[in-house]
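Visitor: Predicted structure and sequence below. I'll ask about it afterward.
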Amino acid sequence: MGYLGSTYTTFDPTRTVAAPRDADRFSGDASTMTFTLTRTVDSPTDIEVFVENIQQEPLTAYSVAGTSLTFTEAPPSGTNNVYVVYRAFNTGVIGITIPDGSITSSKLANNIRLFTVDNYTANGSATNFALSDTPAGANTLMVAVNGILQTSPNNYTVSGSTLTFTSAPTLNANVTIRHMGYRSSVTLTAVASNSTLPSPILSGNVTGTYTLAGTPTITSPTISAPVLSGTTTGTYTLGGTPTISSPVLTTPNLTFGTWTTATRPASPASYRTGFNTSLNTFEIYDGTYWRLAPAGPGQSNTQRAIFKDGYTGSYVSLSNLVSAAGVVAADTTGVGTALAHRGAASYGTDKAIFGYGYLVSINAPATTINLVTNQGVVGSDVTGVGTARYFLAAAGYGTDKAIFGYGYSGPYVSMTNLVTNQGVVGSDVTGVGTGRAELAAAGYGTDKAIFGYGYNGSVVSMTNLVTNAGVVATDTAGVGTARRGLAAAGYGTDKAIFGYGHNGSYLSMTNLVTNVGVVGSDVTGVGTARRDLAAAGYGTDKAIFGYGYTGSYVSMTNLVTNQGVVGSDVTGVGSARNGLAAAGFSLTA
């Protein structure tokens, strides 16, 4: 056997500075040549081998393969007369514990510190907004105007570092643009299938290619400024209370939390998003209130409503505000000229517009417009645009605009007038469908509208759908009882309801409209049958019918649940009247 050296004082590896298990001992029996090491080694020179206190020559006296140590000649018999001292083993890296908090952002590359938020206050005319960083695309941004999420390309587009709205946000609107994705140059490194990463903290610049495969579990992470892009496979569970700051996600598949209205988080962080199973829609917490996302005027996203104008035996311009709980307030002395038989709708996400109507001072139809702020304050008369008429209808469309349509100006007419998200009424658009009056309209499907029923010498039940671009479709054969003098409103975030009316008799039936604009059959009504009433959305997802005429003027209301169920009469507040109009306003209660 290739022994080298001479006998010297016994070496005791347990007395060295090496950590425990840096040495192995074996007992030779003069026949065994292979011994099993406690660690894997790559080369004979990674260990020092001693037999009877004599160091052995690597390769000549022994070889290694993984955890096997094989001598070229069996060591002699003895107790613990063979020992091995480890010089290195195949971890691939040197184990170093980095002190907590010792790595700062200055060590990370600037090019992925992206999770920024751009905040602007709109000037009412600008559509272009400069971004602080160039996103991968429009879908890597979360854009909100006054807390209402915007969608691409309906509401905005992105080119380079410029975001362009399809229409200018309203004056002093809060525009928030959150960057939500990793740059395309950042890649991810492999994590083994079914691996568990306990309490990771990821922040700043992470480079390389990282693929999360299988079903890894990440417990209680804090992830700052992540930008994820490309394809990441598998299912990933974020346990504990994860904090993810300003993410930018490119074409992600995301799973959101779910809750009911009763069980939604009581004190969530701003912009917390989840699916409300009670409402069957997503909602976002804006820091004060839960908002439906997305939803537009006429889809009952507004919290409050306003009834305005009408006829009590004489024309009046008073108004009655409705709270987020559906409680009607006492009369407010009106601003502007007393009119009746007007149209009204929400616009600009949180305001309302009343337009046209019959003006008694000239005994003729008018084009008068009155805008209502998001505080329910009615503005002075503005001379309108287009054909003067009354007995028309109006609704919100396209998430922040409105449309007036049809009416009576001497003949029955079918023209429309579009309203911008700034409350500016456009010129007449040649009408589509049957000219008629005493019809009703409401928003549906989050961004579209529907006109329905009415009178053109006889009562009719046809409807006309309106696209999210304000284009009116041809007549759709009516469903339900033909009638006039009815009202309509959005409810349940994406549906609508027509209710009440007159066809020779006062009626209290309703017809529900699905989120694809299909009108349902008559539902036996609840409450007092009447005509020439008004309706609007309130409380985010509900509706209210109010006032009207039963042979005498009345002021009772009927609340509608987010399931489209009409409640019994509620004793009215304010002046009994008919020929009024109503619309939702305000995103706050």
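Guide: Cool, the structure landed. Residues are numbered from 1 along each chain as shown.
Visitor: low-scoring pLDDT stretches of the stretch 1-150 of the chain, where are they?
Guide: Scanning the stretch 1-150 of the chain for pLDDT under 70 picks out the ranges 1-21, 88-115.
Visitor: which residue ranges form the strands in it?
Guide: Assigned by DSSP state E, counting those that start in this stretch, the stretch 1-150 of the chain shows strands spanning 23-26, 34-41, 47-51, 54-55, 62-71, 82-86, 117-121, 128-130, 141-145, 148-149.
Visitor: same thing with the stretch 201-350 of the chain?
Guide: Assigned by DSSP E, counting those that start in this stretch, the strands in the stretch 201-350 of the chain fall at 201-202, 217-219, 222-224, 227-228, 237-239, 243-245, 248-249, 257-259, 273-276, 281-285, 290-292, 304-311, 315-322, 343-347.
Visitor: on that earlier part again, reformat the strands of the stretch 1-150 of the chain as a markdown table; add distance to Phe545.
Guide: For the C-beta atoms, the positions are set from N, CA and C on the backbone; glycine is no exception. As requested, those are exported to a markdown table (distance: least, CB to CB, whole Å):
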| stretch | distance to Phe545 |
| --- | --- |
| strand 23-26 | 88 |
| strand 34-41 | 80 |
| strand 47-51 | 89 |
| strand 54-55 | 99 |
| strand 62-71 | 82 |
| strand 82-86 | 85 |
| strand 117-121 | 38 |
| strand 128-130 | 41 |
| strand 141-145 | 30 |
| strand 148-149 | 26 |
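Visitor: and these as CSV, adding mean neighbour count and distance to His502?
Guide: Shown next, in CSV, are the strands of the stretch 1-150 of the chain (neighbours: other CB atoms under 10 Å; distance: least, CB to CB, whole Å):
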stretch, mean neighbour count, distance to His502
strand 23-26, 18, 100
strand 34-41, 15, 91
strand 47-51, 20, 101
strand 54-55, 16, 111
strand 62-71, 16, 93
strand 82-86, 19, 97
strand 117-121, 13, 48
strand 128-130, 13, 50
strand 141-145, 21, 41
strand 148-149, 22, 37
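Visitor: do you know which of those strands lies nearest Val424?
Guide: The closest of the strands of the stretch 1-150 of the chain to Val424 is strand 141-145. By CB to CB, the value is 17.5 Å.
Visitor: ok so, going back, so which of the strands of the stretch 1-150 of the chain is nearest Val385?
Guide: Closest to Val385 of the strands of the stretch 1-150 of the chain, according to CB to CB: strand 141-145, at 25.4 Å.
Visitor: just checking, Gly137 touches Gly160?
Guide: No. Counting by CB atoms under 8 Å, Gly137 stays clear of Gly160, with 10.9 Å between them.
Visitor: of those two, who's got more company?
Guide: The residue with more neighbours, out of Gly137 and Gly160, is Gly137; 13 against 9, by other CB atoms under 10 Å.
Visitor: Please name the nearest non-neighbouring residue to that one.
Guide: The shortest distance from Gly137 to any non-neighbouring residue, by CB to CB, 6 or more residues apart in numbering, is to Val158 (6.5 Å).
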